[in-house]
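structure of the sequence below:
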Amino acid sequence: MRELMVGYARQRTPELFATEEAFAFAEYLGRSRPAVPLLPDVLELDLGLMLVRLDGEPRTVTLGTDPTVLLTELGAGRLPVAPPRGSYLLRLVDDRAAG
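I've put the predicted structure just below:
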């Protein structure tokens, strides 16, 4: 992890806003493609959620891992072990907009 952070910091200066930094770091990870299990799905989910929170527009993301298993395990602080794989569509909405 430290190597990823150092490599990223060497390539660019910090962004002014946290969301811009998050998108820039995600782009870096997409280019460097580290061998981190489930990283593409976690990035897809996190970036989708950020965009929904920023503009309030619902989005559908495609994951290669069962989102229920992924979110349950990560939410409990565990890395999923042999989660079901496939093509899963997940609709993301801003729950603040409903209230």
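
state the phi and psi torsions of residue 87.
phi -120, psi 110 (degrees, to the nearest 10).

count of neighbours near it?
Counted with other C-beta atoms under 10 Å, residues neighbouring residue 87 total 7. Using the backbone N, CA and C atoms, a C-beta is placed for each residue, glycine as well.

what's near enough to touch it?
Going by C-beta atoms under 8 Å, 6 or more residues apart in numbering, residue 87 touches 62, 64.

remind me which residues of this protein are low pLDDT?
97-99 (pLDDT under 70).

tell me how it divides into domains.
1-36, 41-94 (automatic domain parsing).

which of these is buried the deepest?
Of all the domains of the chain, domain 41-94 has the most neighbours on average by mean count of other C-beta atoms under 10 Å, namely a mean of 14.

pull the distance from it to the chain's centre.
7 Å (C-alpha atoms, centre = their mean, to the nearest Å).
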